[in-house]
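1. structure for this input, please:
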Amino acid sequence: MDRKELRDMLEAVRNGELTSDDALECLAQMPVRHGEHTVADTHRELRCGVPEVIYAAGKTPEQCASAAKLLSEAHDRVLLTKADATRFEAVQAILPQATFHAEASCITWYREPQSESRGFVLVLAAGTSDLQVAAEAQVTLQWMGVKTELITDIGVAGLHRLLPHVERLRTADCLVVAAGMEGALPSVVAGLVACPLVAVPTSVGYGASFQGLTALLAMLNSCAPGIGVVNIDNGFGAGLLAAKIAKSAHPLH
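-> The predicted model follows:
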């Protein structure tokens, strides 16, 4: 339940459309819902503005489906990250409208089609090898109700591929830049734009990249200002942060 739904429920009580007992029962279920293996934090959207998201890796398909069902009963959207086709089959059996985003390894479910978006975020992938992480960020942004586009294969090994996009980059409220190897692309891009930039190191590269550690340290040590850095391969975290930034630039009135 989000703030709007809570406000609507209180208005319904005031107008006599909902009994106080029914409202109390609804409020009693708000903080958590219990499943066999899961305690769903259904109060999180009210506190933080975003529903709880399911990290599917390490969970069985049945556990993913159970958690998705609990969250779908309390919210109008559900997101699972680091998912695969087997977990999707289990979720879809319970939530037929669910969608599997194979490139992003994500599952989304919406009670109704989203009708509005706020803010604009461009997601950049240095190379095709960074695409899975970038796609996860993009799916997260869409799930958050933010308009987003993806630009890929513009890494620093061929800097001329980036330059034609510079004017487009300057139209965004925020950028997400995913890069592995030496992780240089966020520094280059941040030197060309005024908006905030969220950098995502990816675990792409040969031995001395240390599964993304080299890119992470490069991004943390960037001399370009205005860069925030999330954890290695954390496209979800990057998308969520960028969505909050973009929405803050276009507040509801």
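
2. contacts only, for the closest residue to residue 118 other than its chain neighbours.
-> By the measure of C-beta to C-beta, 6 or more residues apart in numbering, the closest residue to residue 118 outside its immediate chain neighbours is residue 250, 4.5 Å from it. Glycine gets a C-beta too; all of them are placed from N, C-alpha and C. Neighbour list for residue 250: 118, 119, 173 [criterion: C-beta atoms under 8 Å, 6 or more residues apart in numbering].

3. residue 13 sits in which helix or strand?
-> When elements are assigned from DSSP states H and E, residue 13 belongs to helix 3-14.

4. that helix packs against which elements?
-> The helices and strands touching helix 3-14, judged by 3 or more C-beta pairs under 8 Å, 6 or more residues apart in numbering; DSSP states H and E, are helix 20-29.

5. helices or strands up against the helix it packs on?
-> With 3+ C-beta pairs under 8 Å, 6+ apart as the test, helix 20-29 has helix 3-14 packed against it.

6. only the buried residues of the helix it packs on, if you could.
-> Applying a neighbour-count criterion of 16 or more other C-beta atoms under 10 Å, the buried positions in helix 3-14 are 6, 9.

7. kindly report the same for stretch 160-178.
-> Taking 16+ other C-beta under 10 Å as the basis for neighbour counts, the residues of stretch 160-178 that come out buried are 162, 169, 172, 173, 174, 175, 176, 177, 178.

8. mind saving the C-alpha coords of stretch 106-120 as PDB?
-> In PDB, the C-alpha atoms belonging to stretch 106-120 read as follows (Å, rounded to 0.1, in the frame of the first residue of the first chain):
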ATOM      1  CA  CYS A 106      14.300  -9.800 -14.300                       C
ATOM      2  CA  ILE A 107      10.600 -10.600 -13.800                       C
ATOM      3  CA  THR A 108       8.000  -7.800 -13.600                       C
ATOM      4  CA  TRP A 109       4.300  -7.900 -12.800                       C
ATOM      5  CA  TYR A 110       1.700  -5.100 -12.900                       C
ATOM      6  CA  ARG A 111      -1.800  -5.200 -11.700                       C
ATOM      7  CA  GLU A 112      -2.700  -2.700 -14.500                       C
ATOM      8  CA  PRO A 113      -0.700  -1.300 -17.300                       C
ATOM      9  CA  GLN A 114       1.300   1.800 -16.300                       C
ATOM     10  CA  SER A 115      -0.200   4.900 -17.700                       C
ATOM     11  CA  GLU A 116       2.200   7.700 -16.600                       C
ATOM     12  CA  SER A 117       5.900   8.300 -16.300                       C
ATOM     13  CA  ARG A 118       8.000  11.000 -14.600                       C
ATOM     14  CA  GLY A 119      11.600  11.900 -15.500                       C
ATOM     15  CA  PHE A 120      13.900  10.700 -18.100                       C
END
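
9. picking up where we left off before, quick check: mean pLDDT of the helix holding residue 13?
-> Computed over helix 3-14, the mean pLDDT rounds to 79.

10. and the angle from it to helix 20-29?
-> Using axes from the mean of the first three to the mean of the last three C-alpha atoms, to 10 degrees, the interaxial angle of helix 3-14 with respect to helix 20-29 works out to 160 degrees.

11. what lies in contact with helix 3-14?
-> When contacts are defined by C-beta under 8 Å, 6+ apart, helix 3-14 is touched by residues 1, 18, 19, 20, 23, 26, 46.
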